[in-house]
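>>> Next comes the sequence, and after it the predicted model I'd like to discuss.
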Amino acid sequence: MAEYNPNIDLKQPHCYLACMQGTQKAILPVHTSEEQALFRKLITTSTDFKFNSKSAHGSSRAACEWNKHADNEKNVFYKV
């Protein structure tokens, strides 16, 4: 996740929340149609999104993969 930068567009969605969280984009639950589409894509194509009891680090790798998309897509926000 990129750190908050006050020089980035202050009109972006949830700018105040991102500022309070110290991140470039707000950390939110899946809520936009773009995020729903990305989740459907990743759940079928990414091994990091195929969770099982033997994979202790799967969720952190999945969050990292998701946040790479968030850095480049307008209506996709950070996840933890």
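The structure has been received and is ready for your questions.
>>> Name the residues that touch the lengthiest helix in the chain?
Longest helix of the chain, by residue count under DSSP state H: helix 58-72. With contact meaning Cβ atoms under 8 Å, 6 or more residues apart in numbering, helix 58-72 is reached by 1-2, 24-25, 38, 42, 46, 48-52, 76-80. Backbone N, C-alpha and C define where each C-beta goes, glycine included.
>>> Show the pLDDT at residue 77.
You'll see residue 77 listed with a pLDDT of 95.
>>> what sits against it?
By Cβ under 8 Å, 6+ apart, the contact set of residue 77 is 13, 14, 25, 26, 27, 28, 31, 32, 35, 70.
>>> Of these, select the buried ones using a PyMOL command.
Per 16 or more other Cβ atoms under 10 Å, the buried members of those correspond to this PyMOL selection:
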select buried, resi 25+26+27+28+35+70
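>>> tell me the helices in the chain, going along the chain?
So, for the chain - with DSSP H - the helices run 15-21, 33-45, 58-72.
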